[in-house]
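Novice: Fold the following for me, if possible:
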Amino acid sequence: MARMYSRGKGKSRSHKPPFKIVHRWLKGEKAQVEKLIIDLAKQNYTSAMIGTILRDQHGIPDVKAITGKSITQIMKENNLYPEYPEDLLNLFRKLVMLEAHLKANKMDKRSKHAFENLESKVRKLINYYKRENKIPKDFVYDLEKIKLIVQK
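Specialist: The predicted structure follows:
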């Protein structure tokens, strides 16, 4: 029996369907779903967390199939999307936590190496977002500035 999807290490075993349809059992209307997203965004949830909440608590498996827009697009239209992209903010948080760990554990060489790798990843992502005009061109990587961004 041939498998359609690999079940390799680290792979998700659930896949989205190849085509987008709105099922009859799905009761959420476009306006209701958008209002729900806006309400959750006002409570400072990220778009990933909003998607999980909609799926688990409200039974909405795919926002884009219902509204024609992604959660991020809806948040941007209503000026609720954060100033910096979410993936960059998540890396900023990780960087701040790892830096605090290294201050407390100066001999942790594995974490120091992980911190250096994370810094490299952040710098690359910052350069990419500058090219794409997602963050200001004059943004400079500075750990103290990043700590302030994370605290907001």
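
Novice: how does this protein divide into domains?
Specialist: Using automatic domain parsing, the domain ranges for the chain come out as 30-77, 86-151.

Novice: Could I get those domains in a markdown table, plus columns for distance to Pro18?
Specialist: Every C-beta, even on glycine, is put in place using the N, C-alpha and C of the backbone. A markdown table is the format used below for the domains of the chain (distance: least, Cβ to Cβ, whole Å):
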| stretch | distance to Pro18 |
| --- | --- |
| domain 30-77 | 12 |
| domain 86-151 | 26 |
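
Novice: buried set for the host helix or strand of Arg123?
Specialist: Assigned by DSSP states H and E, Arg123 belongs to helix 109-131. By 16 or more other Cβ atoms under 10 Å, the buried positions in helix 109-131 come out as 115, 118-119, 122, 125-126, 129.

Novice: Over to stretch 92-112?
Specialist: Buried, per 16+ other Cβ under 10 Å, within stretch 92-112: 92, 94-96, 98-99.

Novice: From these, which land in helices?
Specialist: Among the buried residues of stretch 92-112, the ones falling in helices (DSSP state H) are 92, 94-96, 98-99.

Novice: So for the helix or strand of the chain with the lowest mean pLDDT, what gets flagged as buried?
Specialist: Between all helices and strands in the chain, the lowest mean by mean pLDDT, DSSP states H and E belongs to helix 63-67, at a mean of 84. Residues of helix 63-67 classed as buried: 63, 65-67 (neighbour count, 16+ other Cβ under 10 Å).

Novice: Please state the offset of it from the chain centre?
Specialist: Taking Cα atoms, centre = their mean, to the nearest Å, one finds helix 63-67 lying 18 Å from the centre of the chain it belongs to.
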